[in-house]
Structures are given as C-alpha cells and as structure tokens.
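> next comes the sequence, and after it the predicted model I'd like to discuss.
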Amino acid sequence: MKRKAESNTSKSVDLDKSHWSAGLLKSMKDPECIVKEDDKIIVIKDKYPKAQFHYLVLPKEDISSIWQVKRNHQDLLMHMHNIARDLVEKQTDHEFIIGYHAMPSMQRLHLHVISTDFNSPCLKTKYHWNSFTTPFFLHSSDVSRQLHEEGEIKKVSPERCKEYLNTQLKCHKCTLQPKNMPALKRHILTHIDKQKQ
DNA sequence: GTTCTAGAAC
DNA sequence: GTTCTAGAAC
C-alpha cells in the first residue's frame, strides 16, 4: 500500500528497492549470482544472458549510471575494465565486447561483458540486438579514453538512443540485413558454425 | 529489465 | 490462419 502511493512520482520509483529497476542491486547481494568480488566491484552473471557468456561488472560505490561518472572515477572504470579483461581471457575460443549501454534501464552502473555469438534464447527483440551492435553500445575503452582526454563522457541524447535502437536489423559480422528477429537468429548461427569448422 | 497480448504483417 | 512486433504494465 505504502509503496504503491510512493511510486506515483518518478523520484520515489528510483528509490523504491522493490521496483524492477533495482534488480541488479538485489542480484549483487545474492551469492548465487556472484562470479567474482573484490573491495571495489562485484561481477555477476546477467540474469537474462543475451549470449553464451554475459557478465556484468558493477562498482560497490553507489553510482547510478555511466552519466554520473566523472573524472574522479577514472581509476574505478579502469579497474572494471581490467576485471572484464580477466574474465574474457578465460574463454580464448570466444570473442567478447566490453561496454556500457547509452541508456541503461537498471539502477547502478554496470559494465557488460558479453560474447559475440549472441546465441541465447533470452535475445528476443530488435532492442536487444541493437543495444549491443549499434553505437548505443559504448565500448569501455572508448569511454575510458574520452574520460581521460576530455574529462567527461559525451552524452548521447535520448533521441539518438532511440534512433540506434530502432535501426534496421543488421548482422554484426556481415552485410546481411535480415527481415526480422527469427531470421537474424537463424543467420548468426551460420557464423558460429563457420568458426567451429 | 521482462511479460503479455492486440493487431500488424505475412 | 500463423508469425511477429511493439506498447502497457495502476
């Protein structure tokens, strides 16, 4: 009852620990989810992995998103990147990308570490696909360089984010533009098979 | 973030 | 008739 009344304003939704957007905060406290942990960060497995391997690196410090990151967090971002690199090195037979979503929907800064097979039943929508394969995905190395050279991360407008998410489907490994998600999902399997041969 | 499902697309 | 996408969720 109380929660319902409070959730009428957007600000109280942000603070509501029972709201779905607080899901990562819950996962960070769940031993079942935790892959690795040190004094500054926690690594968890994505609850709905969009590829064969999909981890999230989160700082323990309460940073809500990439857009709250300033120069004073340079070392933290480098540390998160190094942790990600360590995870990637364990799977020498898989390619990975490491980065942030330009418009994240979950609370707490989180670095995606995801294999580029994108072979997962949880990957269902154009939004999912474009969030990893268009400039909506901010590569960690670019973000860190920008923070170092410019002192801040160049904001991607909500309008631009929506453009990226609505981009026509395109294979990340070739020029094919499949007509829909099922066609794309069938197609990317052919790239995986080629690697194995 | 996901789930559900109406109705568009085929 | 079936597949697929897109928008609401109190």
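Done, it's in. Residues are numbered from 1 along each chain as shown, chains lettered A, B, ... in the order given.

> switch to C-alpha atoms for all contacts and neighbour counts from now on
Will do.

> how much space between the residue of chain A found nearest DNA strand C and DNA strand B?
Nearest to DNA strand C, among the residues of chain A, is A:N180, at 3.3 Å (CA to the nearest atom of the strand). In this structure, A:N180 and DNA strand B are 9 Å apart, going by CA to the nearest atom of the strand, to the nearest Å.

> my guess is that residue meets A:C171, correct?
No - contact between A:N180 and A:C171 fails when scored by CA atoms under 8 Å: they sit 11.3 Å apart.

> more crowded one of these two?
Each of A:N180 and A:C171 has its neighbours counted (other CA atoms under 10 Å); A:C171 has more, 16 against 13.

> may I have the secondary structure class of the nearest residue to A:Q52 once chain neighbours are set aside?
Nearest in space to A:Q52, with sequence neighbours left out and distances taken as CA to CA, 6 or more residues apart in numbering, is A:N119 at 5.9 Å. Using DSSP: H, G, I helix; E, B strand; the rest coil, the structure places A:N119 in coil.

> now A:H187
Under three-state DSSP, A:H187 falls in the helix class.

> tell me how many other residues crowd the residue nearest to A:Q52.
Going by other CA under 10 Å, the residues that sit close to A:N119 add up to 18.

> again with A:A22
Neighbourhood size, A:A22 [other CA under 10 Å]: 18.

> hmm, A:K50 is touching A:Y127, no?
No - counting by CA under 8 Å, A:Y127 is not a contact partner of A:K50; they are 11.6 Å apart.

> the more surrounded of those two?
Ranked by neighbour count (other CA under 10 Å), A:K50 and A:Y127 place A:K50 first, with 23 against 15.

> that one falls within a helix, correct?
No - if the criterion is three-state DSSP, then A:K50 is coil and not within a helix.

> re earlier: so what's the residue of chain A closest to DNA strand C closest to, chain neighbours aside?
In space, not counting the residues next to it along the chain, A:N180 is nearest to A:L169; the distance is 7.2 Å by CA to CA, 6+ apart.

> quick one: residues contacting that neighbour.
Residues in contact with A:L169, defined by CA atoms under 8 Å, 6 or more residues apart in numbering, are A:K126, A:W129, A:N130, A:Q177, A:P178, A:K179, A:N180, A:M181, A:L184.

> again, only this time at 7 Å
Listed by CA atoms under 7 Å, 6 or more residues apart in numbering, the contact set of A:L169 reads A:K126, A:Q177, A:P178.

> which secondary structure state does the closest residue to the last one other than its chain neighbours sit in?
Once its chain neighbours are removed from consideration, A:P178 has its nearest residue in A:L184; the separation is 5.4 Å (CA to CA, 6+ apart). Remark: A:L184 carries the secondary structure label helix [criterion: three-state DSSP].

> skip the chain neighbours and tell me the closest residue to A:P135.
In space, A:P135 is closest to A:Y164, 6.8 Å off (CA to CA, 6+ apart).

> hang on, I meant A:H110
In space, and not counting its chain neighbours, A:H110 is closest to A:L58: 4.8 Å by CA to CA, 6+ apart.
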